[in-house]
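Asks: Okay, here's the prediction I keep looking at, along with the sequence it came from:
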Protein chains: 2
Amino acid sequence: MQTFFRYNWMVREEWYKWCEDLTEEELLKPRVGGVGGILKTLFHIADVEWSWTMGMVGKPDFQEDFAEFSSLEKVRELDARFRLEVEPFVLSWNEGMERNVFTEQQPDGSMAANAWGEIMRHMIAHEIHHIGQLSVWAREVGKKPPSANVIGKGLVDNLPGKV
Amino acid sequence: MQTFFRYNWMVREEWYKWCEDLTEEELLKPRVGGVGGILKTLFHIADVEWSWTMGMVGKPDFQEDFAEFSSLEKVRELDARFRLEVEPFVLSWNEGMERNVFTEQQPDGSMAANAWGEIMRHMIAHEIHHIGQLSVWAREVGKKPPSANVIGKGLVDNLPGKV
C-alpha cells in the first residue's frame, strides 16, 4: 500500500515542478473533463487524500475552497501541510487495518460504511486517474507530461541479492 | 494486489459497454494525448497487461498491431483471450512473489531488471492512468464517463461482522 502512496507523491511532485513552467492563465484555464483545470486538479488530489485520512483517524475535515488556493505556491503549501497528517497515517498502515470501517453520512442523509482498505485503494486510484487527465491537458498545452511509470522510480529495491 | 486488478477489469468492462454507443469514427478518431485514441487505448491497456504477464511467466510475447484489431468487437475478443492467461496469474499472486525478478533486454541492448511486485503495480497504475485519459475524451464527445471510484463497487466486503 505504501509503495503506491510513495509513487503518487513522487509523481505529484514532478507535476508541481512541471507546472512551474506554465503561466497562471494556463494553470487556471477551464478545461474539458475531470474537475476542469490543471491547478484545480492538483488541489483536488491533495484535498481528497487529506479528507479521507481525516475521516479514518476521526479528526475534523473542513471544506477547502479552491478560490482561496488559486496559485501554484498556495496549493503546494496546502499539500505540504496536509502531508504532515497523511504521511504518518500511511506509514503506520498494516494489514490489520484493512477491515476497519469508516462510516459517514451522505448528502442524502443515508449512512455509507467503507472498509479502510477500500478507502486507501480509492485514494490511490483517485490520484492516478486524475493525473491521467492532466497528461491529456499537458499535450493540449504542447508540453510533455512527467512519466507515469511505476517501474524505474526506485520504488522497490529490485536488484537480486540486495534485499 | 488482486483487488486492484478486479477493479481495473470491472472498470474496463464498463468502458467497453460505454463504447457501444459510440460510432466507429469516434472510437478511432485521433485524439490529443496518451496513445491517441479511445479504442487504441483499450487495446493498449489489454496488450500491456498481457505482455508483462507473459514476461513474468516466461512465455513468448508477440507484438500486436492495432491495425488488426480496430473494432470494438475485435479488441474485446483479444482482451478475453489475454484474460485467460492473465487472470490465473493474478489470482495465484502472493507476497512471496514480490521480489522475483524479471530481466528483459531493452531496445538499446541494455538489460532491465524489475521486481515482480513493482511490475504488478506498474500494470495496475498503467491502466488507471490511461482510463483517466479516456475520461477527458469522453467529455469531449459529450458523454459522461463510467465512474472511476474504487468505493461502492463491492470490491471489499466491508460490512462489520460479515467478514
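Replies: Yes, it's here.
Asks: what about the residue of chain A found nearest chain B, neighbour count?
Replies: Closest contact between chain A and chain B, by C-beta to the nearest C-beta, is at residue A:132 (2.2 Å). C-beta: built from backbone N, CA, C; applies to glycine. Number of residues near residue A:132 (other C-beta atoms under 10 Å in any protein chain shown) recorded here: 28.
Asks: give the contact list for it.
Replies: Residues near residue A:132 by C-beta atoms under 8 Å, 6 or more residues apart in numbering or on different chains: A:148, B:34, B:128-133, B:135.
Asks: Serialize these to JSON lines and add fields for distance to residue B:73 and secondary structure.
Replies: Shown next, in JSON lines, are the contacts of residue A:132 (distance: C-beta to C-beta, whole Å; DSSP: H, G, I helix; E, B strand; the rest coil):
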{"residue": "A:148", "distance to residue B:73": "29", "secondary structure": "coil"}
{"residue": "B:34", "distance to residue B:73": "22", "secondary structure": "coil"}
{"residue": "B:128", "distance to residue B:73": "25", "secondary structure": "helix"}
{"residue": "B:129", "distance to residue B:73": "25", "secondary structure": "helix"}
{"residue": "B:130", "distance to residue B:73": "20", "secondary structure": "helix"}
{"residue": "B:131", "distance to residue B:73": "20", "secondary structure": "helix"}
{"residue": "B:132", "distance to residue B:73": "25", "secondary structure": "helix"}
{"residue": "B:133", "distance to residue B:73": "22", "secondary structure": "helix"}
{"residue": "B:135", "distance to residue B:73": "23", "secondary structure": "helix"}
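Asks: Nearest spatial neighbour of the most centrally placed residue in chain A, chain-adjacent residues omitted?
Replies: Taking C-alpha atoms, centre = their mean, the centroid of chain A lies closest to residue A:45, which sits 3.7 Å from it. Of all residues beyond its chain neighbours, the one nearest residue A:45 is residue A:127 (5.0 Å), with distances taken as C-beta to C-beta, 6 or more residues apart in numbering or on different chains.
Asks: how would you label residue A:112: helix, strand or coil?
Replies: Of the three states, residue A:112 takes strand under DSSP: H, G, I helix; E, B strand; the rest coil.
Asks: What is the neighbour count of it?
Replies: Using other C-beta under 10 Å, residue A:112 has 12 other residues around it.
Asks: mind checking the SS state of residue A:14?
Replies: On the three-state scheme (three-state DSSP), residue A:14 is labelled helix.
Asks: May I ask you to confirm that it is in contact with residue A:149?
Replies: No. Look at residue A:14 against residue A:149 with C-beta atoms under 8 Å: they stay out of range, at 11.2 Å.
Asks: Poorly predicted segments of chain A, please.
Replies: Counting by pLDDT under 70, chain A has low-confidence residues at A:157-163.
Asks: tally of neighbours for residue A:50?
Replies: 23.
Asks: Revised request: answer the last question for residue A:83.
Replies: Counted with other C-beta under 10 Å, residues neighbouring residue A:83 total 17.
Asks: if we can go back for a sec, specify which member of the contacts of residue A:132 is nearest to residue A:6.
Replies: Checking these against residue A:6 by C-beta to C-beta gives residue A:148 as the nearest, at 14.3 Å.
Asks: For that closest one, list the residues it contacts.
Replies: Applying C-beta under 8 Å, 6+ apart, the residues near residue A:148 are A:11, A:128, A:131-132, A:135, B:125-126, B:129.
Asks: quick one: the residue of chain A closest to chain B from residue B:41, how far?
Replies: 10 Å (C-beta to C-beta, to the nearest Å).
Asks: One more: residue A:80?
Replies: Here the criterion is C-beta to C-beta. By it, residue A:80 lies 34 Å from residue B:41.
Asks: before we move on, what about residue A:139?
Replies: 14 Å.
Asks: quick one: which of the two has more around it?
Replies: Using other C-beta under 10 Å, the more surrounded residue of residue A:139 and residue B:41 is residue B:41, with 23 against 16.
Asks: what about the more buried one, helix or strand, and which?
Replies: When elements are assigned from DSSP states H and E, residue B:41 belongs to helix B:38-57.
Asks: Against which helices or strands is that helix packed?
Replies: Contact here means 3 or more C-beta pairs under 8 Å, 6 or more residues apart in numbering or on different chains; DSSP states H and E; on that basis helix B:38-57 packs against helix B:2-19, helix B:24-28, helix B:72-91, strand B:101-105, helix B:116-140.
Asks: which of those sits most buried?
Replies: Among those, ranked by average contacts under mean count of other C-beta atoms under 10 Å in any protein chain shown, first place goes to helix B:116-140 (a mean of 23).
Asks: what's the angle from that helix to helix B:38-57?
Replies: In terms of direction (axes from the mean of the first three to the mean of the last three C-alpha atoms, to 10 degrees), helix B:116-140 departs from helix B:38-57 by 180 degrees.
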